[in-house]
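**Q** Predicted structure and sequence below. I'll ask about it afterward.
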Amino acid sequence: MSGTTYRQFCALARAAEIVGERWTLLIIRELLIGPRRFSDLLNHLNGMSPSLLASRLAALIESGVVRKIDWPGPVTAQLYELTESGREVQPAIRELIRWGGRYLFPPRADDEFEPDWVLLGLDAIARRTPVPAVKVGLVVTHGKKSAGFTVAGGDLGTTITRGEAGCKATLQAPFDALLQIVGKRLSLDKALAEKRAALRGPAAPVRKLPLLFDLADRLS
């Protein structure tokens with residue numbers, strides 16, 4: 001259990017006791033992407049001390065949100081992963097990401113950038129109902145760094161995976177320009193003309209990107 005108790009018979013208060021401590025939601029963010037070693041978590045949570053991370057993980061394990069598992073590879077190691085109960089918080093995390101997006105820009109000069117965070121951001125606005133069957137590569141840039149993804153549509157909705165290899169059409173853009181394009185606030189033609197985006201391959205699949213996300217619905 002976390003160090004904070006509110007002494008209120010309220011489900012939101014109970015949830016806040018488990019995930020409301022500083023850094024805890026970001027630990028869960030990392031584990032939503034997949035199991036992580038202690039060192040992996042520490043590297044992606046810049047500014048968090050090892051002792052505080054150990055304390056937060058211990059509290060999450062005690063609450064039944066996280067568990068330890070053995071590394072399945074040839075090197076002996078332990079990983080942390082979300083339990084079934086822990087994964088059930090994902091819809092709430094998606095909504096927090098969607099809500100937090102309005103405060104994301106402009107980026108701060110000292111912001112760190114991890115490709116997996118973009119993946120979670122795109123997943124939060126992906127449609128989960130049938131969409132056009134199309135596959136588009138994305139290269140999202142942030143300063144000197146970039147991350148590649150494949151966005152695929154189909155009967156089960158939109159999926160986002162790492163890497164854009166094999167895509168006939170790939171759009172490259174900073175995250176803010178990409179969000180404006182999928183949110184129908186910036187046309188693809190204008191983005192290309194203003195050099196806010198670059199295109200490899202045919203434009204037709206890329207023009208369907210807004211149909212794969214529900215951001216335009218939320219902005220209208």
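**A** It's in. These figures come from a predicted structure and were not determined experimentally. Residues are numbered from 1 along each chain as shown.
**Q** does T24 really touch L57, like I thought?
**A** No - if you go by Cβ atoms under 8 Å, T24 and L57 don't touch, sitting 9.5 Å apart. Where C-beta positions appear, they are placed from N, C-alpha and C, glycine not excepted.
**Q** what ranges of the chain fall below the confidence cut-off?
**A** 1-2, 220 (pLDDT under 70).
**Q** The lengthiest helix in it - contacts with which helices or strands?
**A** Across the chain, the longest stretch assigned as helix under DSSP state H is helix 50-62. Contact partners of helix 50-62 among helices and strands, from 3 or more Cβ pairs under 8 Å, 6 or more residues apart in numbering; DSSP states H and E: helix 24-33, helix 38-44, strand 66-70.
**Q** Residues touching the second one, excluding its own?
**A** Which is helix 38-44. I27, E30, R36, M48, P50, L53, A54, L57, Q78, Y80, E114, D116 (Cβ atoms under 8 Å, 6 or more residues apart in numbering).
**Q** Let me see the contact set for the spatially most central residue of the chain.
**A** Here the mean C-alpha position of the chain is nearest to the C-alpha of L120 (Cα atoms, centre = their mean), at a distance of 1.4 Å. L120 is in contact with R29, L32, I33, I93, I97, counting by Cβ under 8 Å, 6+ apart.
**Q** hang on, V151 is in a helix, isn't it?
**A** No - applying DSSP: H, G, I helix; E, B strand; the rest coil, one finds V151 to be strand, outside a helix.
**Q** From P174, how far off is it?
**A** Distance of V151 to P174, computed by Cβ to Cβ, to the nearest Å: 16 Å.
**Q** again with A58
**A** Counting by Cβ to Cβ, the gap between A58 and P174 amounts to 38 Å.
**Q** if you count what's nearby, which of those two comes out ahead?
**A** A count of neighbours by other Cβ atoms under 10 Å puts P174 above the other of A58 and P174, at 17 against 11.
**Q** could you pull out the helices for the chain?
**A** For the chain, helices defined by DSSP H occupy the ranges 11-19, 24-33, 38-44, 50-62, 84-87, 90-100, 115-124, 175-182, 188-193, 204-207, 209-212, 215-219.
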